[in-house]
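K.L.:
Provide a 3D model corresponding to the input given below.
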Amino acid sequence: MARVKRGVTSHAKHKKTLAAAKGFYGRRKNTIRAAKAAVDKSMQYAYRDRKNKKRTIRALWIQRLNAAVRELGLTYSRFICGLTTAGIMVDRKVLSELAIHEPEAFKAIVEKAKAALPATA
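P.N.:
Residues are numbered from 1 along each chain as shown. Below is the predicted model:
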């Protein structure tokens with residue numbers, strides 16, 4: 001049986017890892033052992049933060065809605081309650097975009113939500 005030398009494969013794997021470590025500081029960019037650990041950890045962060053990004057963006061929509069609705073005399077939670085009561089099914093992303101780009105349409109939605117709210121003493 002012929003002997004298998006693995007230099008070509010190892011070199012290709014190292015090259016791939018070092019390419020992924022481009023831009024890292026110190027030995028992490030050019031020493032394979034440090035680069036491999038750094039790249040593995042960066043992949044974990046990237047995976048985690050792709051999930052966290054969705055949370056962050058939703059929180060941003062909610063903050064924008066709260067600010068826009070307060071100008072019209074409601075709070076965010078009362079606004080959402082009014083929308084639910086009125087049967088208006090529009091998600092927070094669209095509402096946020098409306099508040100920024102179509103203030104008149106947003107104001108009309110807020111008025112419908114206000115009208116659907118039960119009168120508080």
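K.L.:
for stretch 111-121, buried residues please.
P.N.:
113, 114 (16 or more other Cβ atoms under 10 Å). (C-beta placed from N, C-alpha, C; glycine too.)
K.L.:
any idea how far residue 3 is from residue 118?
P.N.:
As for residue 118, its distance to residue 3 is 83 Å (criterion: Cβ to Cβ, to the nearest Å).
K.L.:
now do the longest helix along the chain, average pLDDT.
P.N.:
Using DSSP state H, we find that the single longest helix of the chain is helix 32-71. For helix 32-71, mean pLDDT rounds to 98.
K.L.:
roughly how far out does it sit from the chain middle?
P.N.:
Centroid separation between helix 32-71 and its chain, computed with Cα atoms, centre = their mean, to the nearest Å, is 5 Å.
K.L.:
excluding chain neighbours, what is closest to residue 70?
P.N.:
residue 76 (7.9 Å; Cβ to Cβ, 6 or more residues apart in numbering).
K.L.:
buried set for the longest helix of the chain?
P.N.:
35, 36, 38, 39, 61, 64, 65, 66, 68, 69.
K.L.:
for residue 96, see how far away the residue nearest in space to the middle of the chain is.
P.N.:
For the chain, the residue nearest the mean C-alpha position is residue 53 (2.3 Å; Cα atoms, centre = their mean). Remark: distance between residue 53 and residue 96 (Cβ to Cβ) = 16 Å.
K.L.:
now do residue 83
P.N.:
Residue 83 is 13 Å from residue 96, by Cβ to Cβ.
K.L.:
quick revisit: can you put the buried residues of helix 32-71 in a markdown table and add distance to residue 23?
P.N.:
Formatted as a markdown table, the buried residues of helix 32-71 follow (distance: Cβ to Cβ, whole Å):
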| residue | distance to residue 23 |
| --- | --- |
| 35 | 11 |
| 36 | 16 |
| 38 | 11 |
| 39 | 11 |
| 61 | 32 |
| 64 | 33 |
| 65 | 37 |
| 66 | 38 |
| 68 | 39 |
| 69 | 42 |
